[in-house]
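J.: Below is the sequence, then the predicted model.
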Amino acid sequence: MSYKVKRLVVGKGRTVSHEQNGEWIREYFELEIEVPEENELVIAKENAEALLNEWLGVTKEKPKQQLNWNPDKIKWERAQGFKGEFERSEDVNNPEFKELLKDLAQHAGKLSRDGWFYWTYRNGSTVGRKKRGAKP
C-alpha cells in the first residue's frame, strides 16, 4: 500500500515571560501548505519553518562556517520545478561537488549557505539548489 502526501501542517510556538508583571505570553503560529508533488515536501517544510521562526522572532544568525567547497566551481543546470526555477547538478567527478555531497550528508541532505538552499535527491548523486527567498 502506498500513500501520497497532499498537505503539510507545520506549527511552532514559544512562551515568553514578562518579568515585571509576572505574566507568561504564549505565541503560536501554524501553517498549512498544499504539497502537490511529494519531492517538494522537504523544501516546503524548510520554508515554513523559516517563516515561522521569523514570525516568532527566533531567527538567530549562526556564525559563518568555512565552506570546504565552492559552488561557483560546480556545473549547475537550470531546471523547472513546481515552485519555479532552480538549479541542479550531477557533477560527480568534480572534487568541489564531492565536498558538497559530504557537507549535505552531515546535514541530513539539506543545508543553507550564503543565501542558497541545497538539497540532495534520493539517488544520492544529484544536488538541487535554489536562492532562498526566491518567489515562485
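T.: All right, it came through fine.
J.: domain ranges for the chain?
T.: By the record's domain assignment, the chain is partitioned as 7-56, 71-131 (automatic domain parsing).
J.: For the ones you listed, please prepare CSV with the additional fields mean neighbour count and mean pLDDT.
T.: (C-beta placed from N, C-alpha, C; glycine too.) CSV is the format used below for those (neighbours: other CB atoms under 10 Å; pLDDT from 0 to 100):
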stretch, mean neighbour count, mean pLDDT
domain 7-56, 13, 84
domain 71-131, 15, 92
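J.: Dihedrals phi and psi, V42?
T.: Main-chain dihedrals, V42, degrees, to the nearest 10: phi -60, psi -40.
J.: For it, which residues are in contact?
T.: Listed by CB atoms under 8 Å, 6 or more residues apart in numbering, the contact partners of V42 are 109-110, 119.
J.: Apply 6 Å and report the result again.
T.: V42 makes contacts with K110, as judged by CB atoms under 6 Å, 6 or more residues apart in numbering.
J.: Quick check: the gap between it and E99.
T.: To E99, V42 is 21 Å away according to CB to CB, to the nearest Å.
J.: now do W69
T.: W69 is 4 Å from E99, by CB to CB.
J.: Show me where this structure has its strands.
T.: Remark: strands assigned in the chain by DSSP state E are 7-18, 23-34, 77-81, 84-89, 110-113, 116-120, 127-131.
J.: Can you lay out these as TSV showing distance to W55?
T.: Shown next, in TSV, are the strands of the chain (distance: least, CB to CB, whole Å):
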stretch	distance to W55
strand 7-18	8
strand 23-34	5
strand 77-81	25
strand 84-89	23
strand 110-113	18
strand 116-120	19
strand 127-131	21
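J.: For L104, find the nearest of those.
T.: Across the strands of the chain, L104 has its closest neighbour in strand 116-120 (4.8 Å, CB to CB).
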